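Asks: okay, sequence plus prediction incoming.
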Amino acid sequence: MTTAAPASPSRSNRRMIMSAPRALVTTPGATLGQAVDALRIARTEWRDRQASPGRAAGVFPSRGAIERIVQLLAEALYPRRLGLQRIRPTDEDSFVAAKLSAAFTELEREVGHELGYWQAEAQAAFDVDHAGTIVRLFAGMLGEIRRSIDGDVEAAFLGDPAAGSTDEVLVCYPGAIASLHHRLAHQLHGLGAPIVARMISELANERTGIDIHPGATIGDRFFIDHGTGVVIGETAIVGSGVRLYQHVTLGARTPLADARGGPRERYARHPVVGDDVVIYAGATILGRVTIGTGATIGGNVWLLDDVPPGGVVVQPEANVLSPSAGHSLRDTLATAAV
């Protein structure tokens, strides 16, 4: 008598088998006290390895506070679109003043926390009013910050046929949201609050997938289309009227700690992009290379060299196979997948 081979499980049965919970593996585990002890030991080991163990443990800018500050500043910059949409014109200045007052109060406190964090390695004590001075200087830049964001929004509206209005760009477009954050962060970075600035840039990164270091210098009318995956490094310099598409990287070739070159390679380590350059999706440009004015960099290009003004850099075009060659390739791939 022939024994039938066991039937293979159906697709639904296989799903049930794969999703069935596994039995718990018994391990010695730890008590609450032991977990606390283990974390204390890990913290101590980490702090012992740091270069500045004297930094005040309880002094550091608050992420939640920085998020509130950015929201307040955005409402003050654009009271009718990012603030109260039905605000009366006669009440607009009062609304802006209230938002700025709240933002400046919190910002001075958080900058003060950052200065306290850096105090252990500063050569001299910070002035008592140092944080206040940074905030007042920053306040004096807000008019120009608003004009820079306006230019970026207009560039996006003119450059994207899908944009219905500048208001849509300001409120909805990831590039405009990242631009607003960067214009704020860049000024604070230059005024001596790099941690606060970095927190602002990371809020934009989380929201849009666009990672712009606050130290990067970016000209007027900057447009990031779509935006996800764009990375712009700390020492990058981007001219006016530049357009980037998603997944563009303006990066460095080696981490600072591993660099062996002179100051140009170690510090000015990101690209310089001239005016009116277009860089298409997926392009990676590394090192202190210069992309000349009006150049075009095609999609998925890997670039380590300078490009002259007006230059065009593209990859070879994809090949369109004949029907017979296409069938042969499909057969080869199918065989390889078995």
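Replies: Good, I have the coordinates. These numbers were taken from a predicted model, which means no experiment stands behind them. Numbers count the residues shown, from 1 in each chain.

Asks: strands of the stretch 151-300 of the chain, residue ranges please.
Replies: 211-212, 217-218, 223-224, 231-232, 237-238, 243-244, 249-251, 272-273, 278-279, 284-286, 290-291, 296-297 (DSSP state E, counting those that start in this stretch).

Asks: which strands and helices lie in contact with the fourth one?
Replies: This points to strand 231-232. For strand 231-232, the elements it packs on are strand 211-212, strand 249-251, judged by 3 or more Cβ pairs under 8 Å, 6 or more residues apart in numbering; DSSP states H and E. C-betas here are computed from N, CA, C, even on glycine.

Asks: go with 7 Å
Replies: For strand 231-232, the packing partners by 3 or more Cβ pairs under 7 Å, 6 or more residues apart in numbering; DSSP states H and E come out as strand 249-251.

Asks: can you point out the buried residues in the strand it packs on?
Replies: Neighbour counts over strand 249-251 (16 or more other Cβ atoms under 10 Å) mark Thr249, Leu250, Gly251 as buried.

Asks: got it, and stretch 165-181?
Replies: So for stretch 165-181, counting by 16+ other Cβ under 10 Å, buried means 166, 168-170, 173-181.

Asks: stretch 294-314 now?
Replies: Neighbour counts over stretch 294-314 (16+ other Cβ under 10 Å) mark Gly294, Ala295, Thr296, Ile297, Gly298, Val301, Leu303, Val307, Val313 as buried.

Asks: listing request: residues of the protein with sub-threshold pLDDT.
Replies: Filtered on pLDDT under 70, the chain yields the residue ranges 1-27, 51-58, 255-266, 337-338.

Asks: got the contact list for the residue positioned nearest the centre of the chain?
Replies: Centroid check for the chain by Cα atoms, centre = their mean gives Asp211 as the closest residue, at 1.6 Å. By Cβ atoms under 7 Å, 6 or more residues apart in numbering, the contact set of Asp211 is Asn205, Val230, Val231.

Asks: could those be laid out in TSV, adding neighbour count and distance to Val273?
Replies: Formatted as TSV, the contacts of Asp211 follow (neighbours: other Cβ atoms under 10 Å; distance: Cβ to Cβ, whole Å):
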residue	neighbour count	distance to Val273
Asn205	17	20
Val230	26	13
Val231	18	13
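
Asks: nearest to Pro323 among the residues you listed?
Replies: Val230 (39.1 Å; Cβ to Cβ).

Asks: and the closest one, how far from Val111?
Replies: 28 Å (Cβ to Cβ, to the nearest Å).

Asks: okay, and which of the buried residues of stretch 165-181 map to helices?
Replies: Members of these lying in helices (criterion: DSSP state H): Thr166, Glu168, Val169, Leu170, Pro174, Gly175, Ala176, Ile177, Ala178, Ser179, Leu180, His181.

Asks: these into TSV, with extra columns for distance to Arg146?
Replies: Listed next are these as TSV, based on distance: Cβ to Cβ, whole Å:
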residue	distance to Arg146
Thr166	13
Glu168	18
Val169	15
Leu170	11
Pro174	20
Gly175	17
Ala176	13
Ile177	15
Ala178	16
Ser179	12
Leu180	10
His181	14
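
Asks: out of those, the closest to Val59 would be?
Replies: His181 (24.3 Å).

Asks: surely that closest one touches Glu206?
Replies: No. Applying Cβ atoms under 7 Å, one finds His181 not in contact with Glu206, separated by 10.3 Å.

Asks: nearest spatial neighbour of His186, skipping sequence neighbours?
Replies: Sequence neighbours aside, Pro214 is the residue nearest to His186 in space, at 5.3 Å (criterion: Cβ to Cβ, 6 or more residues apart in numbering).

Asks: how about the helices of the chain, start to end?
Replies: Using DSSP H, helices in the chain cover 11-19, 32-49, 63-77, 92-118, 130-139, 142-159, 166-172, 174-191, 194-208, 263-266, 323-337.

Asks: now the longest one, how far from the centre of its chain.
Replies: Right, helix 92-118. 23 Å (Cα atoms, centre = their mean, to the nearest Å).

Asks: cool, thanks, talk later.
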